[in-house]
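Colleague: sequence first, predicted model second:
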Amino acid sequence: MGLFDFFKKKEAAPEQQEALDKGLEKTKEGFFSKITKAVAGKSTVDDDVLDNLEEVLVTSDVGVATTLKVIDRIQARVARDKYLSTSELNGLLREEIQQLLAENNSNDFRNFEYGDHKPYVIMVVGVNGVGKTTTIGKLAHQLKNAGLKVVLGAADTFRAAAVDQIKLWGERVGVRVVAQAMGSDPASVAFDTIQSAVAANEDVVIIDTAGRLHNKVGLMNELSKIKNVMNRIVPGAPHEILLVLDGSTGQNAFEQCKQFTEATDVNALAITKLDGTAKGGVVIGISDQFKIPVKYIGVGEKMTDLQLFDKKAFVDSLFK
């Protein structure tokens, strides 16, 4: 079975879509109220409408560069079709945003196979407060429900609270946690976690790391050391370097993504707290600007509200 097939097998699609719709309510309401104002009194998509639409997208945290791409595409459609009514604008926006996401997220994680990777090692990075520990706990819960053996490594040893939080999630979910004393070498924790996972024939290892944005050289050295230790025990590990970003921080999430992608080889993104913000447009902009697949989104408090990102379902939910 594909490692992540359980996301679609364990929970009915209508329930997932309902959770997604609810989680994106604030973004959708803000987005469409702005679009309604942008086209007020207009019957066709002209330069004024496009200028207003540009402002809508930028203020919805899609980002300037991505906004200009979308506007350029719509301008090309207007030039080609000669006449485009404002009533067609929503459908056109939907198509172009979906296409943009498709170009930048070519993988379909619902059919993801981990093949010979056992254990499959995930290193989780991100600053404090973005929902990193909660994401780890929810992911561990869903993996365990799929019948996989999961172990967590508490390698954020610089905050006692971080280790305690991971331990609490381990107890709550019912998975093993490997931890050392506060101030221990994070690479040592990663080593112990993976070594014990190999010995116990466990399926997935999730390693938490320090949630600090200190200087890039220090961050790079620390993460490189952890990665090298992992690779010595399981060649190719970590198989996934997951950066967790808080969707409610808007443009600050772009800056965090920039910092962490410069410090380490991030190959997957999780964007959390989308249910509490009108800034869901950040998903579109970050996907486009960094060319790193958004793999998970957090759309609520429940364990099952961490969802694998489905491009079509996301855009459909925004434009319902």
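Modeller: In hand now; what should we look at?

Colleague: let's verify the residue sitting nearest the centre point of the chain: helix, strand, or coil?
Modeller: For the chain, A270 is the residue whose C-alpha lies nearest the centre (Cα atoms, centre = their mean; 1.9 Å). Secondary structure assignment for A270 (DSSP: H, G, I helix; E, B strand; the rest coil): strand.

Colleague: I'd say it and G298 touch.
Modeller: Yes - the criterion here is Cβ atoms under 8 Å, and A270 meets it with G298 at 7.0 Å. The way it works is simple: take the backbone N, C-alpha and C, and place the C-beta from them, glycine included.

Colleague: which element follows the helix-or-strand element of the chain with minimal mean pLDDT toward the C-terminus?
Modeller: Least confident element among the helices and strands of the chain, by mean pLDDT, DSSP states H and E: helix 6-9 (a mean of 44). As assigned by DSSP states H and E, the chain's next helix or strand after helix 6-9 is helix 13-23.

Colleague: can I get the CA coordinates of that next one in CSV?
Modeller: In CSV, the C-alpha atoms belonging to helix 13-23 read as follows (Å, rounded to 0.1, in the frame of the first residue of the first chain):
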residue,chain,number,x,y,z
ALA,A,13,-14.1,12.1,0.6
PRO,A,14,-17.3,14.1,1.4
GLU,A,15,-16.1,14.5,5.0
GLN,A,16,-12.7,15.7,3.9
GLN,A,17,-14.3,18.1,1.5
GLU,A,18,-16.7,19.4,4.2
ALA,A,19,-13.7,20.0,6.5
LEU,A,20,-11.8,21.8,3.7
ASP,A,21,-14.8,24.0,2.9
LYS,A,22,-15.3,24.9,6.5
GLY,A,23,-11.5,25.5,7.0
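
Colleague: state the mean pLDDT of that helix.
Modeller: For helix 13-23, mean pLDDT is 82.

Colleague: what's that helix packed up against?
Modeller: strand 294-298, strand 306-308, helix 311-318 (3 or more Cβ pairs under 8 Å, 6 or more residues apart in numbering; DSSP states H and E).

Colleague: out of these, nearest to R73?
Modeller: helix 311-318 (14.4 Å; Cβ to Cβ).

Colleague: can I get the closest one in PDB, CA atoms only?
Modeller: Only the C-alpha atoms of helix 311-318 are listed here, as PDB (Å, rounded to 0.1, in the frame of the first residue of the first chain):
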ATOM      1  CA  LYS A 311      -5.000  21.000  -5.800                       C
ATOM      2  CA  LYS A 312      -8.400  20.600  -7.400                       C
ATOM      3  CA  ALA A 313     -10.300  20.300  -4.100                       C
ATOM      4  CA  PHE A 314      -8.600  23.400  -2.700                       C
ATOM      5  CA  VAL A 315      -9.500  25.600  -5.700                       C
ATOM      6  CA  ASP A 316     -13.000  24.100  -6.000                       C
ATOM      7  CA  SER A 317     -13.600  25.000  -2.300                       C
ATOM      8  CA  LEU A 318     -12.500  28.600  -2.800                       C
END
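
Colleague: quick check: angle from that helix to strand 294-298?
Modeller: Put simply, helix 311-318 runs at 40 degrees to strand 294-298, going by axes from the mean of the first three to the mean of the last three Cα atoms, to 10 degrees.
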